[in-house]
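*Asks:* my questions concern the predicted model and sequence given below.
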Amino acid sequence: MRWLLLLTLSCASLAHAELNYDLQPRQIAADTWVLEGRTDNFAAENGGNIVNTAFIVTNAGVVVIDSGPSKRYGEALRQAIAKVTEQPVIKLLITHHHPDHVLGNQAFSDVPIAALAGTTQLLREQGEAMAENMYRLVGDWMRGTEVLLPTEALQAGRLTIGDHSLRLLALSGHTGADLAILDERSGVLFAGDLVFYQRALTTPGTPGVDVWLADIATLQALPWKQIVPGHGPLATTDAPFAQMQDYLGWLDELLRTGAAQGAEMNALIRAPIPERFAAVSLTRYELIRSVSHLYPRYEQARFKRLD
């Protein structure tokens, strides 16, 4: 099926072009580099590079955080790492199962790929469908990409690798199985998609806004010095947390009020976006998706209260 999709997409202008992610690692702290993606949606123009990935160079080797949206991206990531250090890659940590974070795993098949058990299960259940969708969305960038499951299960606690102690948090607000990582040496918090900043959050797998808000509070209370969100610019203040809390609170109130008033889904989709979110990328697009994902739950909760 994927080859049929690629054959169809080969007529597009990008199909025969030189596809190059041109990844440029940026050092943000001692031993720590980030590769910052765009805040767009998936498209052939960006190859799915809308995600922040990272790596830490310890004295025992390199720890990579998320592998990106395709095999091609994963290979480019390894090449970028090799330009920074001669240390070997020794482990890949996966924050959650969404395709832009895991479909580069093939490029790391020679090292342990570690994730929460719930992440591996979700990827086992949903990975093939997500990969097929990525082929449709970004085309030839995906050539050769297959789902590769994690090989090692992580648990909450401390993971010491060389001279870096990583605090692992097993949370659930975004997908039901979300790993956040605090490097206790540098103070860098790799929040995965528990934190979006200046890019509207996505909600297809969230167990609930209340759960997500509780996770944000947990992360905010950590002794972090710098935040690496899953999407959007890095920050040294709590602005990403404040924006997440504000946006989730607004979304919850919109859906709760709509359900109480018996509003139609289409009316909520057309709701005005508050001016304070004007600079946040893709707010209307993600509001439409969030209403379709979440509003039925709010309606059901209202009906139960009426019963």
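*Replies:* Looks like it came in fine.

*Asks:* next, the buried residues of stretch 147-154.
*Replies:* Buried residues in stretch 147-154, counting neighbours by 16 or more other CB atoms under 10 Å, are found at 147-150, 154. To be clear about C-beta, it is placed using only N, CA and C from the backbone, and glycine gets the same treatment.

*Asks:* separation between the residue positioned nearest the centre of the chain and D110?
*Replies:* Central residue of the chain (CA atoms, centre = their mean): D193, 4.0 Å from the mean position. D193 is 26 Å from D110, where distance means CB to CB, to the nearest Å.

*Asks:* same thing with A200?
*Replies:* If you measure A200 against D110 using CB to CB, the figure is 36 Å.

*Asks:* and these two? which has more neighbours close in?
*Replies:* A200 (23 against 10; other CB atoms under 10 Å).

*Asks:* confirm the residue nearest to the centre of the chain sits in a helix?
*Replies:* No: judged by DSSP: H, G, I helix; E, B strand; the rest coil, D193 forms no part of a helix; its state is strand.

*Asks:* give me the spatial nearest neighbour of it, chain neighbours excluded.
*Replies:* G230 (3.6 Å; CB to CB, 6 or more residues apart in numbering).

*Asks:* surely that neighbour forms part of a strand?
*Replies:* Yes: assigned with three-state DSSP, G230 falls within a strand.

*Asks:* that one against L194, yeah?
*Replies:* Yes: taking contacts as CB atoms under 8 Å, G230 lies within contact range of L194: 7.2 Å.

*Asks:* so what's in contact with these two at the same time?
*Replies:* Here G230 and L194 have no joint contacts, going by CB atoms under 8 Å, 6 or more residues apart in numbering.

*Asks:* any idea how far the closest residue to V63 other than its chain neighbours is from A107?
*Replies:* Of all residues not flanking V63 in the chain, I56 sits nearest, at 4.7 Å (CB to CB, 6+ apart). The gap separating I56 from A107 is 17 Å, by CB to CB.

*Asks:* likewise for D31?
*Replies:* According to CB to CB, D31 stands 21 Å off from A107.
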